[in-house]
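In: Okay, here's the prediction I keep looking at, along with the sequence it came from:
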Amino acid sequence: MDIPTLARTRAECAARLESLSGDLLIGDPEERKATALARIAARAAYRRAEEEFQRAVSTLTTDELALALGAKREGRAA
């Protein structure tokens, strides 16, 4: 279980989905169609990444999760 990689993948998927969720009316019809299809794929990828991350961390305590994500043990959140 590689928590940092799962977290990074989830963040990258979220960023991709956000970047595709901007202006929906920009471009010609083919560009809008391609963007819509890319947004659907990005949303599915984000959901998979979120599910994998949640499954991986569901049994960890807050301290274990912080350690897995490399946060310092000063009470700082990951």
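Out: Looks like it came in fine. Residues are numbered from 1 along each chain as shown.

In: make it CA atoms for all contacts and neighbour counts henceforth
Out: Fine.

In: Return the residues in contact with the most centrally placed residue in the chain.
Out: In the chain, the residue lying closest to the centroid (C-alpha atoms, centre = their mean) is residue 10, at 2.4 Å. By C-alpha atoms under 8 Å, 6 or more residues apart in numbering, the contact set of residue 10 is 46, 49, 50, 53.

In: Please repeat the previous calculation with a cut-off of 10 Å.
Out: 4, 16, 45, 46, 47, 48, 49, 50, 51, 52, 53 (C-alpha atoms under 10 Å, 6 or more residues apart in numbering).

In: May I ask which two of the residues you listed are separated the most?
Out: Using C-alpha to C-alpha, the contacts of residue 10 span at most 18.3 Å, a distance reached by 4 and 16.

In: More neighbours: those two, which one.
Out: residue 16 (17 against 14; other C-alpha atoms under 10 Å).

In: Quick check: next helix or strand after the host helix or strand of that one?
Out: For residue 16, the host element (DSSP states H and E) is helix 3-20. Later in the chain than helix 3-20, the nearest helix or strand by DSSP H and E is helix 29-57.

In: Quick check: which helices or strands does that next one pack against?
Out: helix 3-20, helix 62-68 (3 or more C-alpha pairs under 10 Å, 6 or more residues apart in numbering; DSSP states H and E).

In: lowest confidence element among the helices and strands of the protein?
Out: Least confident element among the helices and strands of the chain, by mean pLDDT, DSSP states H and E: helix 62-68 (a mean of 85).

In: Return the distance of that one from the chain's centre.
Out: 19 Å (C-alpha atoms, centre = their mean, to the nearest Å).

In: do you know how far residue 62 is from residue 71?
Out: Taking C-alpha to C-alpha, to the nearest Å as the measure, residue 62 falls 11 Å from residue 71.

In: mind saving the C-alpha coords of the helix holding residue 16 as PDB?
Out: Only the C-alpha atoms of helix 3-20 are listed here, as PDB (Å, rounded to 0.1, in the frame of the first residue of the first chain):
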ATOM      1  CA  ILE A   3      -0.300   5.900   0.300                       C
ATOM      2  CA  PRO A   4       1.800   8.800  -1.100                       C
ATOM      3  CA  THR A   5       1.500   7.500  -4.600                       C
ATOM      4  CA  LEU A   6      -2.200   7.000  -4.200                       C
ATOM      5  CA  ALA A   7      -2.600  10.600  -2.800                       C
ATOM      6  CA  ARG A   8      -0.500  12.000  -5.600                       C
ATOM      7  CA  THR A   9      -2.500  10.100  -8.300                       C
ATOM      8  CA  ARG A  10      -5.800  11.300  -6.700                       C
ATOM      9  CA  ALA A  11      -4.500  14.900  -6.700                       C
ATOM     10  CA  GLU A  12      -3.400  14.700 -10.400                       C
ATOM     11  CA  CYS A  13      -6.800  13.200 -11.300                       C
ATOM     12  CA  ALA A  14      -8.600  16.000  -9.500                       C
ATOM     13  CA  ALA A  15      -6.400  18.700 -11.200                       C
ATOM     14  CA  ARG A  16      -7.100  17.200 -14.600                       C
ATOM     15  CA  LEU A  17     -10.900  17.000 -13.900                       C
ATOM     16  CA  GLU A  18     -10.800  20.600 -12.700                       C
ATOM     17  CA  SER A  19      -8.900  21.800 -15.800                       C
ATOM     18  CA  LEU A  20     -11.500  20.100 -18.100                       C
END
